[in-house]
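1. my questions concern the predicted model and sequence given below.
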Amino acid sequence: DEEEDEREAAIMARKKKKLERIDYGEHATDADKKKAAETAKSIIDMIPTDTDKLFAYPLKWDVLDSHDIASQKMQPWIQKKLVEYLGEEEPTLTAYITTLIRQHKSPHSILSEVEGILDSDGKIFVVKMWRMLLFEVLKAELA
């Protein structure tokens, strides 16, 4: 009877113990954030700002395909940008542009496809998209 009371008391004591959160310190996360920011900046510095050089920059399509960058990174970005330019979601156009990327189309051919829809914003959109695409491919390659 006494043994049972002791076991019950031990069980109750265990139940009353609170879990304590392990604090890894802010420094670890700050260091990780700083490193990620430095990596992003070094990648951005590699990408040309001049449109001709940007469009001529070699893109590693195998990295794009193996990391599914078209669907994972570019499709949400394209969707967001099209809403900014057109004022509403355009799922068909988003899917079409994503497909052009998956088909390894050049920025010039993508530009000729979207210029009719986005008018003067077409070139700005494709330049920004190509910079983003290069950034994501280089980031995946360096990871």
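-> Perfect, thanks for sending it. Just so you know, these numbers come straight off a predicted model, no measurement behind them. Numbers count the residues shown, from 1 in each chain.
2. could you use CA atoms for every contact and neighbour count after this?
-> OK.
3. contacting residues for Leu100?
-> Contacts were defined as Cα atoms under 8 Å, 6 or more residues apart in numbering; by that measure Leu100 touches Ile110.
4. do you know the pLDDT at it?
-> What the model reports for Leu100 is a pLDDT of 97.
5. that one and Gly87, how far apart?
-> For Leu100, the distance to Gly87 (Cα to Cα, to the nearest Å) stands at 22 Å.
6. the helices in this protein, which residues?
-> Shown for the chain, the helices assigned by DSSP state H span residues 2-16, 26-46, 51-56, 61-66, 69, 75-86, 91-102, 107-118, 121-142.
7. return the residues in contact with Val126.
-> Pro107, Ile110, Leu111.
8. chain center to stretch 30-38: distance?
-> Centroid separation for stretch 30-38 versus its chain: 16 Å, with Cα atoms, centre = their mean, to the nearest Å.
9. ok, so of the contacts of Val126, who is nearest Leu133?
-> Each of those was checked against Leu133 using Cα to Cα; the closest is Pro107, at 10.4 Å.
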